[in-house]
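Chemist: Next one to model:
(one chain, ligands or ions: 1)
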Amino acid sequence: MTPLTLALPKGRLFEEVKKQFSLKGMGFSFDNRKLVAHDASGLLKIFLVKNSDLPTYVNHGIAGLGICGSDVLYETGYKFFKLHTFDFGSTSMCIAGKKGQTLEKRGRKLTIATKFTRFTRDYYHSKGIPVEIVKLNGSVELAPVLGLTRYIVDLVETGNTLKANNLEIYEKLKDIKVHLIVNPSYYKLHYQAVNNFVARITE
Ligand code: PRP
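Modeler: Numbers count the residues shown, from 1 in each chain. Here you go, the predicted structure:
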C-alpha cells in the first residue's frame, strides 16, 4: 500500500498531533533531525515542515494532506478542502500593546507589528481603519516593548508571553482553529484512502 503523504508543522502543534496520532495507533517519531518519518501502521509518510511553509507543500501536492492553523492558511491564500477541525490548538488572533495604554482608533494610523500581515491589513481595511504594518517573523511582543510599534497583532494562547512582557490584549479579532487540509487533486486520486484516514482520526 502506498502511504498517504502528510505535512506536519514544527512547533507547539507538533507534540499534540504526535500524542493524538499515537492514541489512534499511528505513532511516529523523527530520529536524528530527520524530516521524513513513517507512522507505526504504515499508513502515513510524514514530512516535518516550518509552519508557514506547510500550505506551500500541500498546494504543490508534495504533501497531499497537512495539519495547519487557520492563521497560516489565511496568510498564504491557497484554497484547500478542510476535512476536519481538531479540538486542540485553538488560539485567538488579538491586537495587544502595553499594559495600561488603550487602542486609539481615531486619528492617526494604527502602527502594528505582526507576522500576519495579510490578515491584519484585510481586517482593518474592512473596518475602514488605516494601518501601517511592520512585518516581523517572530518574538513580535518585543515591538511595543522596544518602541518599534505601538501595537501588535499576534496569536494568544495562554497569554503568558504577553503577561511576561507587560503587555495586554486590547481586542480579540478572530478565533483560530487547527484543520486537516487536503490538496483537491490529491483528494480525487486518493478519495477512499483519505476518507478512511479521516474516519480513523475522528473516531
Ligand atoms: C506564538 C505567538 C506568541 C505566543 C503566544 O509564538 O506568536 O508569541 O506563541 O503564546 P502564549 O499566549 O501561550 O504565550 P511562537 O511560540 O510560535 O514563537 P515566535 O515568537 O517565534 O513566533
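Chemist: for the residue nearest the centre of the chain, what are its contacts?
Modeler: Geometric centre of the chain, nearest residue: residue 69, 3.1 Å, by CA atoms, centre = their mean. Contacts for residue 69 (CB atoms under 8 Å, 6 or more residues apart in numbering) come out as 13, 51, 89, 91, 155, 176-179. Bear in mind the C-beta positions are built from the backbone N, C-alpha and C, glycine included.
Chemist: just curious, which of those residues is nearest to the ligand?
Modeler: residue 155 (4.3 Å; CB to the nearest ligand atom).
Chemist: what's the burial count for the closest one?
Modeler: Applying other CB atoms under 10 Å, we find 18 residues neighbouring residue 155.
Chemist: where's it, which helix or strand?
Modeler: Using DSSP states H and E, residue 155 maps to strand 151-156.
Chemist: Report the rounded mean pLDDT for that strand.
Modeler: Averaged across strand 151-156, pLDDT comes to 98.
Chemist: Can you tell me which residues in the chain are near the ligand?
Modeler: For the chain, the residues found near the ligand under the criterion CB under 6 Å from any ligand atom are 11, 138-141, 154-161.
Chemist: between the residues you listed, which has the most around it?
Modeler: residue 154 (27 neighbours).
Chemist: excluding its backbone neighbours, what's nearest that one?
Modeler: residue 140 (4.8 Å; CB to CB, 6 or more residues apart in numbering).
Chemist: Confirm that the one you found sits in a helix.
Modeler: No: Residue 140 is assigned coil when assessed by DSSP: H, G, I helix; E, B strand; the rest coil, not a helix.
Chemist: Just the pLDDT for it.
Modeler: pLDDT, read off for residue 140, is 98.
Chemist: who's in contact with it?
Modeler: 113-115, 152, 154.
Chemist: what's the helix or strand for the residue lying farthest from the centre of the chain?
Modeler: Most distant from the centre of the chain: residue 107, at 32.5 Å, with distances by CA atoms, centre = their mean. Following DSSP H and E, one finds residue 107 outside all helices and strands.
Chemist: what does residue 45 give?
Modeler: Per DSSP H and E: strand 44-49 holds residue 45.
Chemist: packing partners for that strand?
Modeler: If you count contacts as 3 or more CB pairs under 8 Å, 6 or more residues apart in numbering; DSSP states H and E, strand 44-49 packs onto strand 4-9, strand 36-38.
Chemist: and the longest one, what's its mean pLDDT?
Modeler: The reference is to strand 4-9. 98.
Chemist: Using CSV, list the CA coordinates for that strand.
Modeler: Taking Å, rounded to 0.1, in the frame of the first residue of the first chain, the C-alpha atoms of strand 4-9 are listed here in CSV:
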residue,chain,number,x,y,z
LEU,A,4,-0.6,8.9,2.3
THR,A,5,1.6,12.0,2.5
LEU,A,6,1.1,14.3,5.4
ALA,A,7,2.9,17.6,6.3
LEU,A,8,3.1,18.4,10.0
PRO,A,9,4.2,21.8,11.4
